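A.B. asks: Need a 3D model of the following:
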Amino acid sequence: MKLALVGTGQMGQAVAREAEAESHEVVARFHSDRPFLDASRSDIEDADIAVDFSLPELAVPHLRRCCTWQVPVVMGTTGWYDALDEVEALVRQHTASVLYAPNFSIGVAVLSRTLDHVTGLMDELDEYDAFVQEMHHTKKADSPSGTAQMLAEQIVDGLARKDQVEPEAQHQRIDPSAVHVTSTRAGTAFGEHTIGFDSPFDRVALHHRAKNRRGFAVGVLRSAEWLSGRTGLFTLDDVLDDWLNG
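C.D. replies: Numbers count the residues shown, from 1 in each chain. Coordinates of the predicted model:
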């Protein structure tokens, strides 16, 4: 594959290293000194796909441009999901190809699938109260992480006694119908997510800790390979479904 990297920060660099190791080629790079929104179609005419790890406020404009140019894009930037309806309309209008995920770790995808099964059990056990904790490095732009938000929303969908996600610090008693998401920014942590179910008797927890950025980069490239030849709006769940069914 020939890739255009939109955003050359730590994740963009990790994708570039893994792409080179797998004999793919990065044919264009865009960053703060060479903004993607200043590019012309000819600047990425050699690219088979764009990979975006930029900034939340740039995600939708970047997606709009990729859809208009019909350049397939794997979107790793988070913090834009409130505009998902707009992006879905763009994909339909331009018969475009977009695959997005808050986290491209295959391990996190498995964790998410596991959570669906666990909430089905915990829905019958009212004494267990659910929460999500996440920790990332100090350079991460958004808080809570998109992954933590996704996991908390899964809990809300899976537990009848929960109807909202609460990502803010609580200075009074929390609403019992809320799933509290707490965030820590410290050091160089690649990403840790814990889903807990606490009761008066014990605590059940699911935990994922990324050891390095290579796992995310591998997930990005596998997703890019999967997206080739497809049109529509997809998530990592679609990739996992295809693998499991295949």
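A.B. asks: where along the chain do the strands fall?
C.D. replies: With DSSP state E, the ranges of strands along the chain come out as 2-6, 25-30, 49-52, 73-75, 97-100, 129-136, 164-166, 178-185, 192-198, 203-209, 232-235.
A.B. asks: Each with direction, which strands does the second one pair with?
C.D. replies: Put plainly, it is strand 25-30. Sheet neighbours of strand 25-30, with direction, are listed as strand 2-6 (parallel) (DSSP bridges).
A.B. asks: all helices for the chain, in order.
C.D. replies: Assignment of helices within the chain using DSSP state H yields the ranges 10-21, 56-69, 84-94, 106-122, 146-158, 214-227, 236-245.
A.B. asks: Dump the strands of the chain into a markdown table; add distance to residue 215, mean neighbour count and mean pLDDT as well.
C.D. replies: Backbone N, C-alpha and C define where each C-beta goes, glycine included. What follows is the strands of the chain, written out as a markdown table (distance: least, Cβ to Cβ, whole Å; neighbours: other Cβ atoms under 10 Å; pLDDT from 0 to 100):
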| stretch | distance to residue 215 | mean neighbour count | mean pLDDT |
| --- | --- | --- | --- |
| strand 2-6 | 18 | 24 | 97 |
| strand 25-30 | 19 | 18 | 97 |
| strand 49-52 | 15 | 25 | 98 |
| strand 73-75 | 15 | 26 | 98 |
| strand 97-100 | 17 | 24 | 98 |
| strand 129-136 | 15 | 23 | 97 |
| strand 164-166 | 26 | 15 | 98 |
| strand 178-185 | 20 | 18 | 98 |
| strand 192-198 | 13 | 19 | 97 |
| strand 203-209 | 10 | 14 | 97 |
| strand 232-235 | 18 | 18 | 97 |
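A.B. asks: Redo the ones you listed as a markdown table? Include distance to residue 87.
C.D. replies: Output for the strands of the chain, formatted as a markdown table (distance: least, Cβ to Cβ, whole Å):
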| stretch | distance to residue 87 |
| --- | --- |
| strand 2-6 | 15 |
| strand 25-30 | 19 |
| strand 49-52 | 12 |
| strand 73-75 | 9 |
| strand 97-100 | 7 |
| strand 129-136 | 24 |
| strand 164-166 | 21 |
| strand 178-185 | 24 |
| strand 192-198 | 25 |
| strand 203-209 | 27 |
| strand 232-235 | 7 |
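A.B. asks: If anything else comes up later, I'll come back, but that's it for now.
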